[in-house]
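How does the following fold in three dimensions:
(2 chains)
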There are 2 protein chains.
Amino acid sequence: MKIVKAQDFDLRREVEYGTAEQNEAVRAIVRDVKKEGDAALLRYTEKFDGVRLEASGLRVTQEELQAAYDQVGAAFVEAIRAAAVNIRAFHNRQKRNSWMDLQPDGSLLGQILRPLKRVGVYVPGGKAAYPSSVLMNVIPAQVAGVPEIVMVTPPATGGTEGIDPYILVAAAEAGVHEIYRVGGAQAIAALAYGTASIAPVDKICGPGNIFVALAKREVYGAVDIDSIAGPSEIAVLADDSADPAYVAADLLSQAEHDEMASAILVTPSEAFAQACRAEVERQLAELPRRDIAAASVRDYGAVILVDSIEEGIGVINRLAPEHFELIVEDPMAYLGLVENAGAIFLGPYSSEPVGDYFAGPNHIIPTNGTARFSSPVDVDDFIKKSSLIYYSKEALLQNGATIMELARREGLEGHARAIEIRLRKEGKAGVNDDNQ
Amino acid sequence: MKIVKAQDFDLRREVEYGTAEQNEAVRAIVRDVKKEGDAALLRYTEKFDGVRLEASGLRVTQEELQAAYDQVGAAFVEAIRAAAVNIRAFHNRQKRNSWMDLQPDGSLLGQILRPLKRVGVYVPGGKAAYPSSVLMNVIPAQVAGVPEIVMVTPPATGGTEGIDPYILVAAAEAGVHEIYRVGGAQAIAALAYGTASIAPVDKICGPGNIFVALAKREVYGAVDIDSIAGPSEIAVLADDSADPAYVAADLLSQAEHDEMASAILVTPSEAFAQACRAEVERQLAELPRRDIAAASVRDYGAVILVDSIEEGIGVINRLAPEHFELIVEDPMAYLGLVENAGAIFLGPYSSEPVGDYFAGPNHIIPTNGTARFSSPVDVDDFIKKSSLIYYSKEALLQNGATIMELARREGLEGHARAIEIRLRKEGKAGVNDDNQ
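Coordinates of the predicted model:
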């Protein structure tokens, strides 16, 4: 883990958009599923997942869900329920109402907020199947009031009839309404365009491999999609008051995700930097996923020395990290200075896994510097707004001339006439310049 | 204007993403500006706009702004100010606060809402330069608290030193902080990556031609962008209580925008349909932009006959139109049924131009059926959120075991250890199963 002076350290990396071949393959799959529906869906499932299904077997049954509960054990169910309670409580606080502004002239303006009607959540198969990600994708949609939440996940990943039982239990606890055993680009196409077995959705979210990511980009426009996440990141700003063993453990909890994950320490103390680096080496040696974590630390890890906490916050604002831990004396004193960070963890007990699994805020957080302009997943991502305009006759008569002035200035005479025809019929002909 | 029975009428059209040549040209421009900065910016400005500028001449001066005010006349300034007051008032009601949830165990969770730091607004040149669009893009950013709002617009479109004075006055009234005379893909690249003269922004919004749209897609990720709008649309649901002349004028006010604009009437009354069609023909003949409007009505206009208002609302929900006028007796009675519409105009006096220019809600509204999942531009588009987690020692000791259970279930031992190391040091070793 290299130790460097504060400088223009840039966390951002080029985003992978897939090869031309991958893009072409995905386009063909999407086109086929759009055209042929279930037939293509089943064909690609056999081809890629090695599982031969009937259309009637796509949907996971209540019996399978029950069997999953029997498999996972009570400790897991209790833990996932405790997490779901917290996540639901946090997201419940984000709910907003439709609102109206009533004006003295009788007009009424407002915004109507409604949940999306149908949302699809992709859950990867194999080792990337994380029950916590199911909660984090589904609960905000459920709290928003989305009446139809659909999950798709590839078959043949072991467990209940090919689907991981922990994923099934997490889906049931989070409030998923329908589950289909289908994955890859073909699942994304089915969600976007619908088949006889799977009705189309309005938005697709959830992580996936490169084919899933490319398919989401391909169907965007027909449906909404979430953003495509880059490798995970943590930046810790700590001073001598922090415990190097805690900080090292937090850095490694991020590094173990992925060889491309990034774990960065920013500190004004060279002694702390050295102590933390030694702790990273010591803990790394004992970590089951040490090969992954070591590669991450070697290639994307760093310790950045700064002259002050304030300068350190400046480095953080430039990095705009996904996760930011601030472990200094009186961290609240610096909160106002933090401009760019997806999630902010304050003090020695707010270890990142607290947020990954349990506290309540969402763990789907902007990566790759995009916290400068985007936000963790929340209820707003499953809400759409409509503007409401009820204009009274009085309001139109009062303001019609001004509206016509603006329309004619833009050369849009038809717009002006839509107002003028009303002013004339309502007896205001010839007084079109009363506001001028 | 064809009259058709209610059916699976689909307003959606294939979105234009540009030819391979256009894409390649845009990629080259973006690459050059990213690499060479002002030199490339000035070179492309000379090439495409035919204007030779120095870097020092890119920024519009206070003197030019003052000259623009002298050119436009008092009636326009008064009208644009009246509109800005309403737009600002409506968007002010959308502002939200950061919030915290204080828990009895001393923990604190919340969301911090902050404005984006720097936003770029593209304004097209020539006839597509609409002062109202300047207000609609800039005011939400200004109300959100964005401290640096930058406008770019191509030179040589007539008026003050090459920039339309109405655009300059609208920019000044809306609250733009910097204006640069540069357009096209090169302007988008400058906003995204910065040059010596133009500092980079966090988000780019505003309409433009195909080169601008492709450039926005190209730089997305480095910065945020707004969505790329399709042709404009209106759907009117009206019964016999409506005035056919009003409805026809409103349909035409949309049709005059663009040959590809869409104006659709939905009605349960065949007599009203006939009367409205006759009015469209009559008014069309007198419209200055009748060639454009006639093409729009011919190719994308329709009257859809339904059996009831309720069925009509069902058609509207399938169309998910950008603009929806509901001109029936007691329109409020049907509002709860409207699921998909970008902006809803109720009653005979809420003509669409009222919303385009003046009432206050934004006129940048989802097109092409995307109102199913997206929303008009508002203050939220210029806000980013950070999650806040301050976990107390008590909260960690209480919940640590549950967090570890979930982390280990996902095979992420490093996550579990980041918790465990704290539990051990704080004297909870060996009690890791207290929640199970």
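
what helices or strands is the lowest-mean-pLDDT helix or strand in chain A leaning on?
Across the helices and strands of chain A, mean confidence by mean pLDDT, DSSP states H and E is lowest for strand A:3-5: a mean of 78. If contacts are counted by 3 or more CB pairs under 8 Å, 6 or more residues apart in numbering or on different chains; DSSP states H and E, strand A:3-5 sits against helix A:270-285, strand A:302-305. C-betas here are computed from N, CA, C, even on glycine.

which one of these lies closest to chain B?
helix A:270-285 (7.2 Å; CB to the nearest CB).

buried ones in that closest one?
By neighbour count on 16 or more other CB atoms under 10 Å in any protein chain shown, the buried set for helix A:270-285 is A:Phe272, A:Ala273, A:Ala275, A:Cys276, A:Arg277, A:Glu279, A:Val280, A:Gln283, A:Leu284.

could you check whether it is close to chain B?
Yes - residues of helix A:270-285 are located near chain B by CB under 8 Å from any CB of the partner chain, namely A:Gln283.

Output the helices and strands packed on strand A:3-5 in CSV, with mean pLDDT appended to each entry.
Compiled in CSV, these are given as follows (pLDDT from 0 to 100):
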stretch, mean pLDDT
helix A:270-285, 96
strand A:302-305, 94
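
Please state the offset of the least confident helix or strand of chain A from the chain centre?
32 Å (CA atoms, centre = their mean, to the nearest Å).

Likewise for stretch A:221-237?
6 Å.

Span of that stretch from start to end?
40 Å (CA to CA, to the nearest Å).

Let me see the mean pLDDT of that stretch.
Averaged across stretch A:221-237, the pLDDT comes to 91.

Give me the buried positions along it.
Quick answer for stretch A:221-237 (16+ other CB under 10 Å): A:221-237.

Extract the CA atoms of the strand or helix carrying A:Ala293 and return them as PDB.
Using DSSP states H and E, A:Ala293 sits within helix A:290-300. Taking C-alpha atoms only, helix A:290-300 is exported to PDB below (Å, rounded to 0.1, in the frame of the first residue of the first chain):
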ATOM      1  CA  ARG A 290      -6.700 -12.300   0.700                       C
ATOM      2  CA  ASP A 291      -5.800 -12.800  -3.000                       C
ATOM      3  CA  ILE A 292      -8.600 -10.400  -4.100                       C
ATOM      4  CA  ALA A 293      -8.000  -7.900  -1.300                       C
ATOM      5  CA  ALA A 294      -4.200  -7.900  -1.800                       C
ATOM      6  CA  ALA A 295      -4.600  -7.100  -5.500                       C
ATOM      7  CA  SER A 296      -7.100  -4.300  -4.700                       C
ATOM      8  CA  VAL A 297      -4.700  -2.800  -2.100                       C
ATOM      9  CA  ARG A 298      -1.700  -3.100  -4.400                       C
ATOM     10  CA  ASP A 299      -3.400  -1.600  -7.500                       C
ATOM     11  CA  TYR A 300      -6.000   0.800  -6.200                       C
END
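
That helix close to chain B?
Yes - interface with chain B: helix A:290-300 contributes A:Ala293 (CB under 8 Å from any CB).

Which elements pack onto that helix?
Using 3+ CB pairs under 8 Å, 6+ apart, helix A:290-300 is in contact with helix A:244-255, strand A:262-267, helix A:270-285.

Just put these in JSON lines and tack on distance to A:Tyr69.
What follows is the helices and strands packed on helix A:290-300, written out as JSON lines (distance: least, CB to CB, whole Å):
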{"stretch": "helix A:244-255", "distance to A:Tyr69": "29"}
{"stretch": "strand A:262-267", "distance to A:Tyr69": "36"}
{"stretch": "helix A:270-285", "distance to A:Tyr69": "36"}
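
Of all these, which one comes closest to B:Thr402?
helix A:244-255 (16.2 Å; CB to CB).

near chain B at all, the closest one?
Yes - using CB under 8 Å from any CB, helix A:244-255 reaches chain B at A:Ala245, A:Tyr246, A:Ala249, A:Asp250, A:Leu252, A:Ser253, A:Ala255.

A:Asp381 - that's part of a helix, no?
Yes - assessed with DSSP: H, G, I helix; E, B strand; the rest coil, A:Asp381 lies in a helix.

okay, now it: neighbour count?
23 (other CB atoms under 10 Å in any protein chain shown).

quick revisit: relative to strand A:262-267, how tilted is the helix holding A:Ala293?
Comparing the axes of helix A:290-300 and strand A:262-267 via axes from the mean of the first three to the mean of the last three CA atoms, to 10 degrees yields an angle of 60 degrees.

Any buried residues in helix A:290-300, and which?
So for helix A:290-300, counting by 16+ other CB under 10 Å, buried means A:Arg290, A:Ile292, A:Ala293, A:Ala294, A:Ala295, A:Ser296, A:Val297, A:Tyr300.

what does the longest helix seen in chain A contact?
As assigned by DSSP state H, the longest helix anywhere in chain A is helix A:74-92. With contact meaning CB atoms under 8 Å, 6 or more residues apart in numbering or on different chains, helix A:74-92 is reached by A:69, A:131-132, A:135-136, A:139-140, A:142-143, A:166, A:169-170, A:173-174, A:357-362, A:378-379, B:101, B:109, B:399, B:402, B:405-406, B:409, B:435-436.

now do 7 Å
A:69, A:131, A:135-136, A:139-140, A:143, A:166, A:169-170, A:173-174, A:357-361, A:378-379, B:109, B:402, B:405-406, B:409, B:436 (CB atoms under 7 Å, 6 or more residues apart in numbering or on different chains).

And for stretch A:235-249?
So stretch A:235-249 is contacted by A:250-251, A:264-269, A:272, A:275-276, A:279-280, A:283, A:309, A:312-313, A:316, A:319, A:321, A:324-329, A:348, B:417-418, B:421-422 (CB under 7 Å, 6+ apart).

now do 6 Å
For stretch A:235-249, contacts defined as CB atoms under 6 Å, 6 or more residues apart in numbering or on different chains pick out A:264-267, A:269, A:272, A:275-276, A:279-280, A:283, A:312, A:316, A:319, A:321, A:324-329, A:348, B:417-418, B:421.

what do you get for stretch A:341-358?
A:83, A:132, A:234, A:246, A:250, A:253, A:321-327, A:331, A:338, A:361, A:363, A:365-366, A:371, A:376, B:386-391, B:393, B:396, B:399, B:403, B:406-407, B:415, B:418-419.

That stretch - what's its average pLDDT?
The model assigns stretch A:341-358 a mean pLDDT of 97.

Over to stretch A:118-131?
89.

repeat for stretch A:48-68
92.

does chain B sit close to that stretch?
No - applying CB under 6 Å from any CB of the partner chain, one finds stretch A:48-68 separated from chain B by no less than 13.4 Å.

If you count neighbours, what's buried in that stretch?
Result for stretch A:48-68 [16+ other CB under 10 Å]: buried residues A:Phe48, A:Asp49, A:Val51, A:Leu53, A:Gly57, A:Leu58, A:Val60, A:Glu64, A:Leu65, A:Ala68.

first to last residue in it, what's the distance?
Per CA to CA, stretch A:48-68 runs 24 Å from first to last residue.
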